[in-house]
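what follows is a predicted protein model with its sequence.
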Amino acid sequence: MMLTVAAAFKAVMQTVRDLGTETVPFESAAGRILREPVLADRPFPPFDRITMDGIAVNYDSFARGQHIFGVEDVQAAGTPQLQLSNTANCIEVMTGAILPEMTDTVIPYEHLTPSEHEGFRRFTIHGTVKKGQNIHRIGSDTATGAVLIKPGTLIGPAEAGVLATVGKTTVEVSKQPRVVVIATGNELVPVHTTPETHQVRISNVYSLLASLQQLGINANYIHLLDEEDAMKDQLLPLIADTDIWISSGAVSAGKFDYLPAVLQQLGMQQIFHKVQQRPGKPFLFGTFKDGPVVFALPGNPVSGFMCFYRYIKSWVEAAMGKALPDPVYAQLSEKVIFDAALEYYLPVKLQSQQDGVLVAIPQPYQGSGDLGSLLKADAFLTLPLEHTVFEKGSCYQVWRFR
């Protein structure tokens, strides 16, 4: 029985398994999924921090009418805390330095006039002064022990900076899945060769490999010829050493589409074959007990590409502990008619308008074999199977691939 997209997606996500964790140096953690909480090892900022170059004074002296302050010393960033010995004086302070003792207010150089009398430097304050100004107070950002980064977070530049700030030199992250991408078909030849008239270069697997690389995953690939016994011989050794198989082709109803039968002969439990969607209707999904999950995609390039971003990406990220993102919606820029009883995934270019509305602009599309149609597109727009006419301005979910 052919499943709806919602039912197929639910079935896929019910098989998600934890792929385990590993510990890596924080310098190489970018692009990985965090699997432990990262805590503040001390308050942030860790001291009363100066936010403007200028002078630090005791506010009470200014409040009593004093506007000229003699300079006792200079507090530079990275130097131990100084102490003001006479509240009638000031200490010059630099941005990032610790606030000197006996001071509580910082006046920037822009509001000061420097002078010198008998070798003694002074500053005259101009304008209003607010007690406590230009000081980033200790612990005002984060208290000691607070969770700074939650498990499930994709580690990016900001997270790398926080890891360094708290001295987290190693970090626990999700293991990357062991993935093999499988090309099928006698018509396929290596990229570096010149195809005969009846042949084409292997290409679908490279789109899939690049999509995996965007998730930080480096996969291997193999090429299966349309020979049943040869398929079995090549696939059997991979069962014990992989987490995910992603294949392209040989899943429709052709005489040489042996892959579904071969997979079941090898022990795969088929969960579904065919989904009410276009492109990607022949999509097959199954699992091996104590072995890989299998995403067997149609051979047409747009079909496999769409299935990756609609199903596989979500499975991989969930298996690595990342929460599913909130859905993104866009408005159609023009009327679209699609009268098949299938959920339609339309290639669109996304454009953000000045009013903040995200608009989906349909791209010229000659069917699921038209890989070039994706070059100017950013996403697939979901057009539900319950309707045939989709009006300009109507809003639907998008699945980004760019």
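The structure has been received and is ready for your questions.

now do the strands in the stretch 151-300 of the chain.
With DSSP state E, counting those that start in this stretch as the criterion, the stretch 151-300 of the chain has strands at 170-174, 179-184, 188-189, 200-201, 220-224, 244-248, 269-273, 277-278, 284-287, 293-297.

please save the CA atoms from the following helix or strand past the last one in PDB.
Scanning forward in sequence from strand 293-297, with DSSP states H and E defining helices and strands, the next element found is helix 301-307. The C-alpha coordinates for helix 301-307 follow below in PDB (Å, rounded to 0.1, in the frame of the first residue of the first chain):
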ATOM      1  CA  PRO A 301      18.100  12.900  -9.800                       C
ATOM      2  CA  VAL A 302      15.500  15.400  -8.500                       C
ATOM      3  CA  SER A 303      13.600  12.500  -6.800                       C
ATOM      4  CA  GLY A 304      16.600  11.400  -4.800                       C
ATOM      5  CA  PHE A 305      17.600  14.900  -4.000                       C
ATOM      6  CA  MET A 306      14.100  15.800  -2.700                       C
ATOM      7  CA  CYS A 307      13.900  12.600  -0.600                       C
END
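
how far does whatever helix or strand comes next after helix 301-307 sit from the chain's center?
Following helix 301-307 in sequence order, the next helix or strand is helix 313-319 (DSSP H and E). Offset of helix 313-319 from its chain centre (C-alpha atoms, centre = their mean, to the nearest Å): 12 Å.

cool, stretch 76-89 as well?
Stretch 76-89 has its average C-alpha position 45 Å from the chain's average C-alpha position, going by C-alpha atoms, centre = their mean.

outside of that stretch, which residues touch it?
47, 50, 56-58, 60-61, 66, 69-73, 75, 90-91, 94-103 (C-beta atoms under 8 Å, 6 or more residues apart in numbering). Heads up, the C-betas are built off the backbone N, CA and C, glycines and all.

CA atoms of that stretch as PDB?
Provided in PDB are the C-alpha atoms of stretch 76-89 (Å, rounded to 0.1, in the frame of the first residue of the first chain):
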ATOM      1  CA  ALA A  76      45.300  48.300  31.800                       C
ATOM      2  CA  ALA A  77      43.500  45.200  30.600                       C
ATOM      3  CA  GLY A  78      45.100  42.100  31.900                       C
ATOM      4  CA  THR A  79      46.800  43.700  34.900                       C
ATOM      5  CA  PRO A  80      46.000  43.000  38.600                       C
ATOM      6  CA  GLN A  81      43.400  45.200  40.200                       C
ATOM      7  CA  LEU A  82      44.600  48.600  41.500                       C
ATOM      8  CA  GLN A  83      43.200  50.500  44.400                       C
ATOM      9  CA  LEU A  84      42.400  54.200  44.400                       C
ATOM     10  CA  SER A  85      44.100  55.700  47.500                       C
ATOM     11  CA  ASN A  86      42.400  59.100  47.500                       C
ATOM     12  CA  THR A  87      38.700  59.400  46.300                       C
ATOM     13  CA  ALA A  88      39.500  63.000  45.200                       C
ATOM     14  CA  ASN A  89      41.600  61.400  42.400                       C
END
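
mean confidence for it?
In this model, stretch 76-89 has a mean pLDDT of 97.

buried set for it?
Judged by neighbour count using 16 or more other C-beta atoms under 10 Å, the buried positions of stretch 76-89 are 82, 84, 87, 89.

repeat that for stretch 293-300.
Under 16+ other C-beta under 10 Å, the buried positions of stretch 293-300 are 293, 294, 295, 296, 297, 298, 299, 300.

measure the first one to residue 208 for me?
With the distance defined as C-beta to C-beta, to the nearest Å, residue 293 ends up 15 Å from residue 208.

now swap in the second one and tell me
Distance of residue 294 to residue 208, given as C-beta to C-beta: 14 Å.

neighbours of residue 194, how many?
For residue 194, the count of nearby residues is 7 (other C-beta atoms under 10 Å).

that one and residue 200, how far apart?
For residue 194 relative to residue 200 (C-beta to C-beta), the value is 11 Å.

same check, this time on residue 147
Distance of residue 147 to residue 200, computed by C-beta to C-beta: 52 Å.

ditto for residue 55
According to C-beta to C-beta, residue 55 stands 74 Å off from residue 200.
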